[in-house]
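pasted the sequence and its predicted model underneath.
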Amino acid sequence: LGVGSTLVDMYAKCGLLVCAHEIFDKLLVQDVVAWTVLIAGYAEDGLDEEAFQCLEQMKVVGAFPNAVTIVCSLKACCSLRATQEGQQLHVEIERQGLLGKNHLVTSALITMYAGCGLLDRAQKVVDSLPVKDMGSWTALISAYTEQGYFEEAYKCFEQMEVGGYSCDSTALVCCLKACHNLGVTEKVQVLFARIEQSGLLERDIFARSALVEMYAENGSVALARQVFDKLPTQDVVAWTSLIAGYMEHGSSEQALQCLEQAQQEGVLPS
RNA sequence: GCUUGAUGGGGA
């Protein structure tokens, strides 16, 4: 029954993993989902060893990890730099024929290699895909960007552009950053226009804050301010990014002005 | 296409 695993999941997502595991132990039926939510909880909390122990244990009792289990387990590999375990999961992914077929598994694998510092392996995974998808490109571009390999990130963007994928907001933001980091202004403007036109500034709080932060971080606080002013509503994260940008690259006076304004609007506590 | 529950890539 699903009720038990839902309960385990709830405790795990609250970070109460001891409780989660206790409930799990009491379950009459410990199915794949129950194991998976437990592994996901441990991995999310950075308790990677525990996550792997569960993975091993579930195999011992004859519950077989499926695609979701693998995705959750891959997360535990990034933080531990557990390349061994990661490679084992890669083998399992190939064995189950999931590579390139299950997009969530595929991008999680790419992110895992990147998290282990093996960007070449991440690149190889993408190269090996007969049919590349938006999510895999986005994962790879993000990885390069995060680790400061801006040229490589941009190269991927160009290849992605040739492929003519329809991009969601994550992909658009990711590509925009790649172009911004190399100062390819024309592309930045085109992508920004696409984001604006698709109404993402209105309905996607992640995209909004990411853009404010991107400009603020880079010292283009004036641009950050422009984006910020275009937002239909300004939330805590957007304000915080802008203030941080002023502190870092602008003036502390402007930062203070923002702070006061945010407090007046009740977005930040006074 | 839908039919109990778990999963990736962008901000904090």
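Structure's in. What do you need? Numbering: from 1, shown residues only, chains lettered A, B, ... in the order given.

hey, let's count contacts and neighbours off CA atoms from now on
Will do.

distance from the chain centre to stretch A:179-187, please.
Relative to its chain's centre, stretch A:179-187 lies at 22 Å (CA atoms, centre = their mean, to the nearest Å).

residues touching that stretch, excluding its own?
Contacting residues not belonging to stretch A:179-187 are listed as A:150-151, A:154, A:176, A:188 [CA atoms under 8 Å, 6 or more residues apart in numbering].

can you tell me the SS state at A:Glu94?
Counting by DSSP: H, G, I helix; E, B strand; the rest coil, the backbone at A:Glu94 sits in helix.

next one, pLDDT for it please.
At A:Glu94, the model reports a pLDDT of 97.

go on, A:Tyr215?
86.

the helix or strand hosting it near RNA strand B anywhere?
A:Tyr215 belongs to helix A:205-217 when assigned by DSSP states H and E. Yes - on the criterion CA under 7 Å from any atom of the strand, helix A:205-217 is in touch with RNA strand B at A:205-210, A:213.

now which of those residues would you call buried?
For the residues of helix A:205-217 next to RNA strand B, a burial check counting by 16 or more other CA atoms under 10 Å picks out A:205, A:207-210, A:213.

how about the strands in the stretch 151-270 of chain A?
Assigned by DSSP state E, counting those that start in this stretch, the stretch 151-270 of chain A shows no strands.

show the contacting residues for the residue of it found nearest RNA strand B.
Closest contact between the stretch 151-270 of chain A and RNA strand B, by CA to the nearest atom of the strand, is at A:Ala207 (3.1 Å). Residues near A:Ala207 by CA under 8 Å, 6+ apart: A:169-170, A:173, A:200-201.

next, count neighbours for A:Gly266.
For A:Gly266, the count of nearby residues is 11 (other CA atoms under 10 Å).

what distance do you get for it to A:Glu260?
From A:Gly266 across to A:Glu260, the span is 10 Å (CA to CA, to the nearest Å).

what distance do you get for A:Ser136 to RNA strand B?
Separation of A:Ser136 from RNA strand B (CA to the nearest atom of the strand, to the nearest Å): 6 Å.

ok, the residue sitting furthest away from the middle of chain A to A:Val60 distance?
Ranked by distance from the centre of chain A (CA atoms, centre = their mean), the top residue is A:Leu28, with 34.5 Å. Separation of A:Leu28 from A:Val60 (CA to CA) stands at 17 Å.

with A:Leu172 instead?
From A:Leu172 to A:Val60 the distance is 43 Å (CA to CA).

comparing those two, which shows the higher neighbour count?
A:Leu172 (18 against 10).

surely the more buried one meets A:Leu191?
Yes - in terms of CA atoms under 8 Å, A:Leu172 counts as a neighbour of A:Leu191; the distance is 6.7 Å.

residues near A:Ser241, how many?
Residues near A:Ser241, counting by other CA under 10 Å: 22.
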